[in-house]
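Asker: Mind looking at a prediction? Sequence and model below.
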Amino acid sequence: MSGELYRDTGVVLRTYKLRESDRIVVFHTAENGKVRAVAKGVRKTKSKFGARLEPMSHVRLLLYRGRELDIVSQAEAVEPLSPMLSSLDRASQGLAAIEAVDQLSLEREPNPQLYRMLVGVLRTIATTPSTLNVAAFYWKLLANEGMRPELDRCVRCGETEPETPLVAFDLNEGGVLCRSCRSGQAISPGALEVMREILGGRLVTALAREESPTTHEVASLATRALEFHIERRLKAVAMFETH
Amino acid sequence: MAGNYTAPVQVLIDELGRLPGIGPKSAQRIAFHLLKVPTEDATRLAFAITDAKARVRFCERCFNVSEGALCPICNDDARDTSKVCVVEESRDIVAIEKTGEFRGRYHVLLGAMSPLEGIGPEQLKIRELIARIEPEGIEEIILCTNPNTEGEVTAMYLARLLKPIGLTVTRIASGLPVGGDLEYADELTLGRALEGRRTVD
């Protein structure tokens, strides 16, 4: 397998400094899943493609397959990165999105659905600012991973609304619970409605919502649910939640 | 490799191997070079390290590396105290000083915000920067962090924090390197160069 050139398109998830002026760049690609590659000389000011290999960049790549790390031979921008770096909100949302994908993407495991979702969320963040961009993305990621939460009936007794109000959400059980079975944390009817919009094909309605305690509830629940699934803390979200 | 050399040599190799950019093979090469050179040369290196470590510390005001409580730039009375240039590392000061274009003071953050690595504003010298504004009568803060994602996020965060205080906050321009070729320029840099164009006088 090693020693051949191949083409792919990918989004930069992370970069690490390597030696004097190189970088290791981690991509999630359309066809090859997570790819780790060395980009030579990109930290020099005169580098031809240094600016295209920053986190969140969406690039068309020519890669040279190596044994452990590939080598970036060419990189062309598919979409400009400038909107992502034009405001702190966009940058922080974009970073939160790529951090989650970095956790879910597996090396050399093709996951085109994850790639499409990532490109989609970055486009949304760049064009339509919404406080729920990241939360909606996290819920959709969980659904894609086969961890879609049950929102319409109590996960323990199966009772449905409107006869039985669903009042709690348990990460362990993976869904909502009625008053008599409740465990986990409380969930407001408003937040439940927003989550149904996100996962029930009415994403635009959800994203159009103004920032409110309800959207905060949905956002923090989304972060906790994803952290529960990956069994790790998400750093980027935590940083910007407190500021 | 452990145990193949006599203890002092192994200790030396291990210590050298902990330096940035030096792997086990390079460490071995440097260690044997040091064993081969005259004793004075090796002692001079050892002294240079201990001396630098003992005498150099961070400037109390701007966190530049310094021999005394304040660095030479902060001690220089000829400098414009109303302008402060915010940089990530001390070595960035050297680069800016070489241009000869800036006569104000500096502030070193000792890093950049990196949400993906969990490095937030608390780990940087941001509180110390805010504390300088009032007593020093700072009027302009130039955000001179690196033009990469981490540097941009840091600059945007600082801008949001500093603007309400009512001083001029500027960001260094991005453009094409002198001696570069337009056709090889990446679109982000070229776009910014166009955005920041100015009239020719």
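Answerer: Perfect, thanks for sending it. Residues are numbered from 1 along each chain as shown, chains lettered A, B, ... in the order given.

Asker: can we go C-alpha only for contacts and neighbour counts from here?
Answerer: Will do.

Asker: Which strand in the chain has the most residues?
Answerer: Just so you know, I chose chain A. Longest strand in chain A by number of residues, with DSSP state E as the criterion: strand A:5-18.

Asker: please go with chain B instead
Answerer: Scanning chain B for the longest strand, with DSSP E as the assignment, gives strand B:80-87.

Asker: how about the strands in chain A?
Answerer: For chain A, the strands defined by DSSP E occupy A:5-18, A:22-29, A:33-39, A:58-64, A:70-79, A:166-170, A:175-178, A:185-186.

Asker: What residue in chain B comes nearest to chain A?
Answerer: Nearest to chain A, among the residues of chain B, is residue B:115, at 4.5 Å (CA to the nearest CA).

Asker: pretty sure that residue contacts residue B:123?
Answerer: No. Residue B:115 is not in contact with residue B:123 according to CA atoms under 8 Å; the separation is 11.7 Å.

Asker: Between these two, which is the more surrounded one?
Answerer: Between residue B:115 and residue B:123, counting by other CA atoms under 10 Å in any protein chain shown, residue B:115 is the more crowded of the two (23 against 14).

Asker: Grab the nearest non-local neighbour of the more buried one.
Answerer: residue A:236 (4.5 Å; CA to CA, 6 or more residues apart in numbering or on different chains).

Asker: cool, and residue A:181?
Answerer: residue A:156 (6.7 Å).

Asker: Go ahead and confirm the one you found touches residue A:175.
Answerer: No. Assessed by CA under 8 Å, residue A:156 is found out of contact with residue A:175, at 9.3 Å.

Asker: Give me the more crowded residue out of those two.
Answerer: With neighbours defined as other CA under 10 Å, residue A:156 and residue A:175 compare such that residue A:175 has more, 21 against 14.

Asker: what pairs with the more buried one across the strands?
Answerer: residue A:150, residue A:170 (DSSP bridges).

Asker: Please tell me I have it right and it contacts residue A:166.
Answerer: No. Assessed by CA under 8 Å, residue A:175 is found out of contact with residue A:166, at 10.0 Å.

Asker: what do these two both touch?
Answerer: residue A:154 (CA atoms under 8 Å, 6 or more residues apart in numbering or on different chains).

Asker: got the buried residues for the longest strand of chain A?
Answerer: Within strand A:5-18, the residues scored as buried using 16 or more other CA atoms under 10 Å in any protein chain shown are A:9-15, A:18.

Asker: before we move on, what about stretch B:190-201?
Answerer: Using 16+ other CA under 10 Å as the burial criterion, the residues of stretch B:190-201 that qualify are residue B:190.

Asker: sorry, back to before: by contact count, what packs against the longest strand of chain B?
Answerer: In this structure, strand B:80-87 packs against strand B:104-108, strand B:140-143, with contacts taken as 3 or more CA pairs under 8 Å, 6 or more residues apart in numbering or on different chains; DSSP states H and E.

Asker: now check the very next helix or strand once past it, is it near chain A?
Answerer: If you walk from strand B:80-87 toward the C-terminus, the next helix or strand you reach (DSSP states H and E) is helix B:90-99. No. Helix B:90-99 does not reach chain A (CA under 8 Å from any CA of the partner chain); its nearest approach is 12.8 Å.

Asker: What residues does residue A:142 make contact with?
Answerer: By CA under 8 Å, 6+ apart, residue A:142 lies in contact with A:148, A:226, A:229.

Asker: how far away is the second one from residue A:78?
Answerer: In this structure, residue A:226 lies at 29 Å from residue A:78, with CA to CA, to the nearest Å as the measure.

Asker: Those two: which is more packed in?
Answerer: It is residue A:226, of residue A:226 and residue A:78, that has more neighbours when counted by other CA under 10 Å, with 23 against 15.

Asker: what's the nearest residue to the spatially most central residue of chain B if we skip its chain neighbours?
Answerer: Taking CA atoms, centre = their mean, the centroid of chain B lies closest to residue B:89, which sits 1.5 Å from it. Leaving out its chain neighbours, the residue that sits closest to residue B:89 by CA to CA, 6+ apart is residue B:110, at 5.2 Å.

Asker: per-residue pLDDT, the one you found?
Answerer: pLDDT, residue B:110: 89.

Asker: Tell me who's in contact with it.
Answerer: Counted by CA under 8 Å, 6+ apart, residue B:110 has contacts B:63, B:88-90, B:124-125.

Asker: Just give me the closest of these to residue B:190.
Answerer: residue B:88 (24.0 Å; CA to CA).

Asker: Hmm, that closest one is touching residue B:124, no?
Answerer: No. Assessed by CA under 8 Å, residue B:88 is found out of contact with residue B:124, at 9.1 Å.

Asker: quick one: common contacting residues for the two?
Answerer: Counting by CA under 8 Å, 6+ apart, the contacts common to residue B:88 and residue B:124 are B:109-112.

Asker: With respect to residue A:103, which of these is nearest?
Answerer: Residue A:103 lies nearest to residue B:112 out of these, by CA to CA, at 22.7 Å.

Asker: Count the residues that sit near that closest one.
Answerer: Other residues near residue B:112 number 24, with proximity taken as other CA under 10 Å.

Asker: wait, what's in contact with it?
Answerer: By CA under 8 Å, 6+ apart, the contact list for residue B:112 reads B:88, B:119, B:124, B:145, B:150-151, B:154.

Asker: any chance of those residues in CSV, plus neighbour count?
Answerer: As requested, the contacts of residue B:112 are arranged in CSV below (neighbours: other CA atoms under 10 Å in any protein chain shown):
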residue, neighbour count
B:88, 22
B:119, 17
B:124, 18
B:145, 24
B:150, 21
B:151, 20
B:154, 27
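
Asker: I'd assumed residue B:26 was in contact with residue B:14.
Answerer: No. Assessed by CA under 8 Å, residue B:14 is found out of contact with residue B:26, at 10.9 Å.

Asker: Let's check: the centremost residue of chain A is which one?
Answerer: Using CA atoms, centre = their mean, the residue of chain A that lies closest to the mean C-alpha position is residue A:97, 3.3 Å off.

Asker: about what we covered before: could you export the longest strand of chain B as PDB, keeping only the C-alpha atoms?
Answerer: The C-alpha atoms that make up strand B:80-87 are tabulated as PDB, following Å, rounded to 0.1, in the frame of the first residue of the first chain:
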ATOM      1  CA  ASP B  80       6.700  55.100  23.500                       C
ATOM      2  CA  THR B  81       4.700  53.800  26.600                       C
ATOM      3  CA  SER B  82       1.300  54.400  25.000                       C
ATOM      4  CA  LYS B  83       1.700  51.600  22.500                       C
ATOM      5  CA  VAL B  84       1.900  47.900  23.500                       C
ATOM      6  CA  CYS B  85       2.500  45.100  21.100                       C
ATOM      7  CA  VAL B  86       1.000  41.700  22.300                       C
ATOM      8  CA  VAL B  87       3.000  38.700  21.200                       C
END
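
Asker: I appreciate the help and will end here.
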